[in-house]
Structures are given as structure tokens and as C-alpha cells.
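[1] After the sequence you'll find the predicted model.
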Amino acid sequence: METVVVIVGAGPAGLATSVCLNKHSIPNLILEKEDVYASLWKKRAYDRLKLHLAKNFCQLPFMPHGPDVPTFMPKEFFIDYLDAYVTRFDINPRYNRTVKFTMFDVSNNKWRVEAENTVTGEIEVYWSEFVVVATGENGDRYIPEVEGLNNFYGEVVHSSMYKSGRDYKDKNVLVVGGGNSGMEISFDLNNFDANTAVLIRTPRHILTKEEVYVGMTLLKYFPVRMVDTLVMMMSKARLFIYGDPSKYGLIRPNQ
């Protein structure tokens, strides 16, 4: 099959790319390894997940969020938005297609893309002038090889498999990682009375989502260095309200 653009991945970025190309009448198709679009949101996101970025930074082309949508959208709101987006623009990804190989063929000046149809087992070949990789930075789960982990008899769960803290009431839980998912999952576990500890590898600044919103808005008008300084000042001022988190082991970087 030939087209102008092959898009690998039917997440928000892949869907948005297809719509933008269609607006310019550029033929394209989306290859998606799962059986549904936005699989990260629909299959591998925990129940209490909310977007930590404001809605105006999380809208797709040609379809802004309405005024009734919360500033920080719960997962269900964002999934409904993606469903409406796919319906409105009639996006039809080719599901169950895992891209196995891509090569630029100099002889005909086109990309050769080989994808396995995981339902039939067949290898399908697509030719295109361009390839857009929209597989996302969090597409595959990764659990590092930690010494002794193979001898640990408890449950080891990657964040993509975690759903709710209700299954961990009164259990001892160690959350490895202090990113957005790690911190929010820790909060969720605590709300369900799990005995929760968080392991964070490096010092880090702790910002509220409102502070991030202010910072991202200011970036429209001021350079990054100036915005960083202002946001850090807000973060330090918050210590007078909530106290110093270093007594709980949450150490701030020197700068």
C-alpha cells in the first residue's frame, strides 16, 4: 500500500498529526499496535489520574476544550475528549499493526515500512514519502534490574499496571520514583491507608500544578531563565505555608 505519510502510533500526537495532514489534503494512515487509539490512557492509566498541565496546554488542533471543562482534567474527561476528536474528524487507524522495520529506499526515494498484523500474523508493507513516529515517551513499561528483586516474594507492579490504592489497604508499599506518576500514586496509596514510602534517586524541586501553570503561561512572554527564577521563588515561599519537606527526606537541589 502507498500513501504520502505513515504515522506510527494512535495516541494524541498521532491523531493530531493525521487531522493536520487531512486539513491540507495530504494522504496519510496511522499504524497502531494496540486494538484501540490512546491505549496509554484507556488501558494503562490509574483511576485517579489527572492532567497536571492546564487544559489549554492539552488540547488538540482544531478542537479546543469548552469552558465547562475543569482546568486540570481527570482521566475520564480527557478520554471523552479524545473519543469526540476521533469521531468529529473521522480518524480510522489500522489497529493491531506492530511496525517491525523501516528503511528509506534510495532507489525510489520512499520509505518502506513493514508492519505485522498481530491478528493474522501477516507482514504488511507500506510505502510512503514520510514517516512520523508518534509512539510517545511512555509507550513501554520498564522495570530496571535491581539486585535481589528476583528473590523478592512480594508483588512488583509497574505504574502502567497500577489502578487504585484500594487493593493495598494496610499493606507496606514502596514506590520507586518521584515523578508525576510516582508522587500521585503515593498520594493515592496514602488515601487508601497503605503504609507508603517513596524512593527518590535525586534531589528535586517540588511544584504544585498551579505553579507549573503560572510558569508555562509566563513562558509566552519571558525567557526561560527568568521564569525558572520566578517559579522557584514561588516554590520557596510555599515553605512558609506547608513547612520544609526536607524533614521527610525530600531534598531540594542547590539551584
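    It's in.
[2] And the residue nearest to H65 when sequence neighbours are not counted, what's its pLDDT?
    The shortest distance from H65 to any non-neighbouring residue, by CB to CB, 6 or more residues apart in numbering, is to K55 (4.6 Å). The way it works is simple: take the backbone N, C-alpha and C, and place the C-beta from them, glycine included. Predicted confidence (pLDDT) for K55: 95.
[3] neighbours of K55, just the number please.
    Residues lying near K55 (other CB atoms under 10 Å) number 19.
[4] and the gap between G165 and K209?
    20 Å (CB to CB, to the nearest Å).
[5] Those two: which has the busier surroundings?
    A count of neighbours by other CB under 10 Å puts G165 above the other of G165 and K209, at 23 against 15.
[6] can I assume the more buried one is in contact with F192?
    Yes. Contact criterion CB atoms under 8 Å: G165 and F192 qualify, at 3.3 Å.
[7] Count the residues that sit near the closest residue to V132 other than its chain neighbours.
    Distances taken as CB to CB, 6+ apart place I7 nearest to V132, at 4.7 Å, with adjacent residues excluded. Burial of I7 is recorded as 25 neighbouring residues (other CB under 10 Å).
[8] List the contacts of the helix or strand containing I7.
    Following DSSP states H and E, one finds I7 within strand 5-8. For strand 5-8, contacts defined as CB atoms under 8 Å, 6 or more residues apart in numbering pick out 14, 17-18, 21, 26-31, 99, 111, 113, 126, 128-135.
[9] again, 10 Å this time
    13-18, 21, 26-33, 93-94, 97-99, 102, 111-113, 115, 126-135 (CB atoms under 10 Å, 6 or more residues apart in numbering).
[10] Same question for stretch 118-129.
    1-7, 26-29, 31, 33-35, 94-102, 105, 108-117.
[11] Next, the distance between the ends of it.
    25 Å (CA to CA, to the nearest Å).
[12] Buried residues in it, which are they?
    For stretch 118-129, the neighbour count (16 or more other CB atoms under 10 Å) marks E124, Y126, S128 as buried.
[13] list the residues that contact both of G165 and F192?
    Both G165 and F192 are contacted by K171, V173, under the criterion CB under 10 Å, 6+ apart.
[14] what's V133 sitting at in phi/psi?
    phi -90, psi 110 (degrees, to the nearest 10).
[15] Measure how buried it is and give me the count.
    V133 has 13 nearby residues by other CB under 10 Å.
[16] and it, what does it touch?
    V6, I7, V8, G9, A13, G14, V99, T102.
[17] Over to E145?
    Applying CB under 10 Å, 6+ apart, no residues contact E145.
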